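>>> based on what follows, work out the 3D shape:
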Amino acid sequence: MQLRQAGLRARSTASGAVPCIPVGLHAGAIGMQSALAGGRAAGRGRVATRLPAPKRQSERVRVVAQSVSTLSTSQQLYSSVAVGKPEPLGPSRSGSGVNFALFSKHARSVRLCLFDGEAQPLGEVDCNRTGDVWHVELADLPLSGLRYGFKVAGDGGWDTGARWAPGRVLLDPYAPLVAGRRQFGVRDAVEQFKGKEGSQFLGAFDFSSAPYDWGAQEEAGRPRTALKDLVIYEVPVRCFTADGSSGLPAEERGTFRGMAAKASYLAGLGVNAVELLPVFEWDELEFRRTRNPRDHMTNVLHAQGIQVLLDVVYNHTAEADDKDPYTLCMRGVDNKTYYMIDPSQYVQLVNWSGCGNTVNANNPPVTQMIIDSLVHWVTEYHVDGFRFDLASCLCRDERGHPMAVPPLIRAISKHPLLSQVHLIAEPWDIGMYQVGSFPNWDIWAEWNGKYRDDVRRFIKGDAGMKRAFATRLAGSADLYQTNNRKPYHSINFITAHDGFSLYDMVSYNDKHNDANGEGNRDGTNDNFSWNCGAEGETGNGGVRALRQRQMRNCMVALMMSQGTPMIVSGDEIIKTHGGNNNWYGHDTAMAHLQWPEGDADKEALLRFCSQLIAFRKSHPALGREHFLGPNDITWHEDNWGNDESRFLAFTLHHREAGDIYAAFNAHAFAVSAPLPHPPAGRKWCRLVDTNLPPPKDFTPGGNAGVDAVYGVQAFSSIVLIAKPI
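Got it, this is the predicted structure:
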C-alpha cells in the first residue's frame, strides 16, 4: 500500500509542483470545501446547508453589540449592519446586501474581516450567533471585488483539542472564491507571507457576473457512458501540457485550457473518461496547488465523448499537524468540529491520512459540508463522478475508529443526485485496507489494489501467481461477487500516479527518489517491478526490446480483463520519471509529459494502445455486466497447482461477435500452444502478438489466419479472434 499526499496536503520537501496556473481568483476554498459555489456563477444554485437542529436553549439569535471598526477607505462599504441569518453558510445575496454565515460550535466570538482587492483591510464587524452558526448581514455591500475572512476566538486550551488563533484572519470553509497569486509560483504582497506562519488566503465572492451559459448542445450531447464501458485516463492537469513539446502557446501550457486543447488526442487514444488529479485550491509554494476546472474545459471534453471525473481529497487538509501547523482555515475556525482528535493522547490530532490530520468527515456539519461540495461540482461544473482519495478515512468516527455504516458514505449513496454519478473509492488509509469490502450500497466502485499487485507479479514472472492472475483477468469475483456488485465495480489498474510509471516499472528494480530531498526514504519499497536486466536507461538492445514487450503485455492484460480499466497519463507514450516512484511533488521535466512527435518507439506504443482500447470498446465479450459463467469462458489449463507454471491461456465466448483467445507467457522460454477448435464456420486470426515488431504487434481486424499450434514467445502475449471463414 502506498499513500500519496493529495489535495490539500501536508508539507513536502519535494520541489514545486502543481497542476495549473492561477490568475487572481479561483473557485473554492483552500479548506476542504473547495468550490461550494464558484466561477462566474458564484453564489448561485447554492444547496442550503442542513445542520442538525440546535438545542432549544440555543435556537434564539444571540445578538452581539455591534463593534464595527472601519479603517481608512475611500468610500462607505455598506449602509447598515443587520443580524443576518444562519443559512446558507458562506456569503450569500440577501436583499440589497450580503449575508455571511460561519459554523463554529466551540467559538466564543467571531469577527468578519473585510479587505479590498489588494488585501488591504477595510474593517471588521462582530457576528451574531444562532445555535452553532455565526452570521451578519451588510446592506448595500458591493457584490464583487472584495476579499473577506474571519477572526475566531474561543475558550479552552491546547489540552482540550482547541487550536484557536484569534489574531489570524482565517479562510471561510464555504468561500465561493479564493484570492490567489497573480502569477503562479511567485509570491506577492497580497498573500502577506510570514515565514513559518505561511501565507494568508482570503475568500471572495462575485454576485454580479452572469452565470456560465452551458448551451443546449452540452445537455444534448453530454456523454452518459456507463461505468462498465469506461476506459479511464488518470491525469495531473498541469503535468499533461506543461512541457514545450505539447505544442501549445506558453500561456496555455499546464492549464485547463491546455487540457481542453488536447481533447482530440484523448479521443484518438480511445479513453472516454479523464480522472483529474486533485483540483482543489492549495498553496503551490508551501504544498501544492491547482485551480478548479473551468466550465469550458468540461464542455470541450464532453463534446468529444469524454467524461470528467475528479480525484477529491476530503480526508485531510493542508493545515498539517501540531508539530508544524499551517493555520489557514478549519483548524482555527473550530478544530474539534472539523478534525478527528483524541485529547487523551499526547499527539491529539488523529492521523489516518499520513498527512498530519484527518478530517472528521462523519461529524454531521462536516458531512453536510462535503455533500454540499460534491453537489456543487456536479451542478456547477457538470462533472460526471468522483474518485475519493484515501476513502477509508471517510469510514471512521471522531476518534478514528472504523464504522461499519459510515454516515457520509451512506448519505452520498442515498443522495438523489450524487448516487447517479460515478463513485470510486481508494479503499484504504494507513490503518485500513478495504479492497473488496468498502461500504458500497452496491454502487461504489473501488481501486483494486490486488489487481495491480497480482498482474504485476505474474507479468514479471513471479512463481505461484497464475491462479491469482486468472482471478483478476476474470473480474475479481473473489472480491466483488457479493450482493448486487458487478465486475465493473473493480477499477483495474497496473500503474497510477502513486509509484512507478509503466516504463519505470519495467526498467527499475528499486526506487530512485533522491531528487525528493528525503534521502530516498519516501515512496514505497513494494513495487513488484523488474528492470529486465539493467537498472535504468541502457543501450542493450535485448533489454530494450524486452521492456517494449513487457509494457505491451501489461496493456493487453488490462484491456482483456473484466472490470473497468484505468491507465495513467504518459504510460501510452513511454513516460519515465527516472525511477522516482514519488514524483508527484515535482513541477519539472521529471513530472511533465514529453509528447511523442518524432519518437518512433513512443508513437508505436501509442498506436498499439489506441488500437487495443478500440478493440476492447468494440467487443461485447470484454467489459461484461455480469461475472463470467462456464458458458462465457474456457480456461485452457490443467496445471493450476504447479507454482512454476507461468503460462495461462483462455477463450472468451461470444456467439454473435465471435470468440477471443488470449495467452500470456511469463516464462523465459517459448511455449507451443495447441489452439482450441474455433467455432464452426470460423478460423483463428492473429490480432495481437507482443513479440512482433510494430506495426505487426497489432493487426486491426486480424491477419489472414494462424496455424493450429501457436508459438508464444518468452515474455509475450497473444490475442486471437475467431473470424468467419
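>>> where does L114 land in three-state SS?
Three-state call for L114 (DSSP: H, G, I helix; E, B strand; the rest coil): strand.
>>> so it touches F150, yeah?
No - contact criterion C-beta atoms under 8 Å: L114 and F150 do not qualify, at 10.7 Å. Just so you know, the C-beta spots here come from the backbone N, C-alpha and C atoms, and that holds for glycine as well.
>>> low-confidence ranges in the stretch 51-200 of the chain?
Applying pLDDT under 70 to the stretch 51-200 of the chain flags the ranges 51-75, 182-185.
>>> please enumerate the strands of it.
Remark: strands assigned in the stretch 51-200 of the chain by DSSP state E, counting those that start in this stretch are 61-62, 68-70, 80-82, 90-94, 97-103, 107-115, 121-126, 128-130, 133-139, 144-154, 177-179.
>>> pLDDT on stretch 320-340, on average?
Here stretch 320-340 scores 95 as its mean pLDDT.
>>> then stretch 515-522?
Here the average pLDDT along stretch 515-522 is 91.
>>> buried residues in that stretch, which are they?
A515, N516, N520, D522 (16 or more other C-beta atoms under 10 Å).
>>> what about the closest residue to the first one other than its chain neighbours, neighbour count?
Residue nearest to A515 in three dimensions, not counting chain neighbours: N580, with 6.2 Å by C-beta to C-beta, 6 or more residues apart in numbering. The number of residues packed around N580, counting by other C-beta atoms under 10 Å, is 27.
>>> and N580, what does it touch?
N580 makes contact with D504, K511, H512, N513, A515, N516, G523, H586, M590, according to C-beta atoms under 8 Å, 6 or more residues apart in numbering.
>>> and these, which is closest to R410?
G523 (34.6 Å; C-beta to C-beta).
>>> for the residue nearest the centre of the chain, helix, strand, or coil?
The chain has D311 as the residue nearest its centroid, 2.0 Å off, counting by C-alpha atoms, centre = their mean. The three-state label given to D311 by three-state DSSP is strand.
>>> quickly list what it is bridged to.
Taking DSSP bridges as the rule, D311 bridges to R387.
>>> still on that earlier bit, in a markdown table: the contacts of N580, plus secondary structure and distance to T576.
Listed next are the contacts of N580 as a markdown table, based on DSSP: H, G, I helix; E, B strand; the rest coil; distance: C-beta to C-beta, whole Å:
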| residue | secondary structure | distance to T576 |
| --- | --- | --- |
| D504 | helix | 6 |
| K511 | coil | 13 |
| H512 | coil | 11 |
| N513 | coil | 14 |
| A515 | helix | 13 |
| N516 | helix | 16 |
| G523 | coil | 15 |
| H586 | coil | 13 |
| M590 | coil | 9 |
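>>> name the member of those with the most neighbours.
Top of those by neighbour count (other C-beta under 10 Å): D504, with 26 neighbours.
>>> can you tell me how far that one is from E656?
41 Å (C-beta to C-beta, to the nearest Å).
>>> and A515, by the same measure?
53 Å.
>>> sorry, back to before: E572 is nearest to which of the strands of the stretch 51-200 of the chain?
Here strand 177-179 is closest among these (C-beta to C-beta), at 34.2 Å.
>>> for the helix or strand following the closest one, which strands pair with it and how are they oriented?
Sequence-wise, the next helix or strand downstream of strand 177-179 (DSSP states H and E) is strand 203-206. Using DSSP bridges, strand 203-206 pairs in its sheet with strand 144-154 (antiparallel), strand 177-179 (antiparallel).
>>> quick one: buried residues of the shortest one?
Spelled out, that is strand 177-179. By 16+ other C-beta under 10 Å, the buried positions in strand 177-179 come out as L177, V178, A179.
>>> any idea what the second one is bridged to?
Counting by DSSP bridges, V178 forms beta bridges with H26, G203.
>>> can I assume D587 sits in a helix?
No - applying three-state DSSP, one finds D587 to be coil, outside a helix.
>>> K450 versus that one, what's the distance?
Separation of D587 from K450 (C-beta to C-beta): 33 Å.
>>> so which of the two has more stuff around it?
For D587 versus K450, the count of surrounding residues by other C-beta under 10 Å is larger for D587: 21 against 18.
>>> all helices for this protein, in order.
For the chain, applying DSSP state H gives helices covering 215-221, 237-241, 256-261, 263-269, 295-303, 330-338, 364-381, 407-414, 449-459, 466-473, 477-480, 502-505, 541-560, 600-618.
>>> quick one: contacts of stretch 643-654?
For stretch 643-654, the external contacting residues (C-beta under 8 Å, 6+ apart) are 458, 461, 463-466, 469-470, 473, 619-622, 631-637, 639, 659-667, 671, 673, 676, 712.
>>> make a markdown table out of the helices of the chain and add distance to S490.
Below are the helices of the chain laid out as a markdown table (distance: least, C-beta to C-beta, whole Å):
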| stretch | distance to S490 |
| --- | --- |
| helix 215-221 | 29 |
| helix 237-241 | 26 |
| helix 256-261 | 27 |
| helix 263-269 | 22 |
| helix 295-303 | 25 |
| helix 330-338 | 33 |
| helix 364-381 | 23 |
| helix 407-414 | 18 |
| helix 449-459 | 6 |
| helix 466-473 | 8 |
| helix 477-480 | 5 |
| helix 502-505 | 19 |
| helix 541-560 | 12 |
| helix 600-618 | 15 |
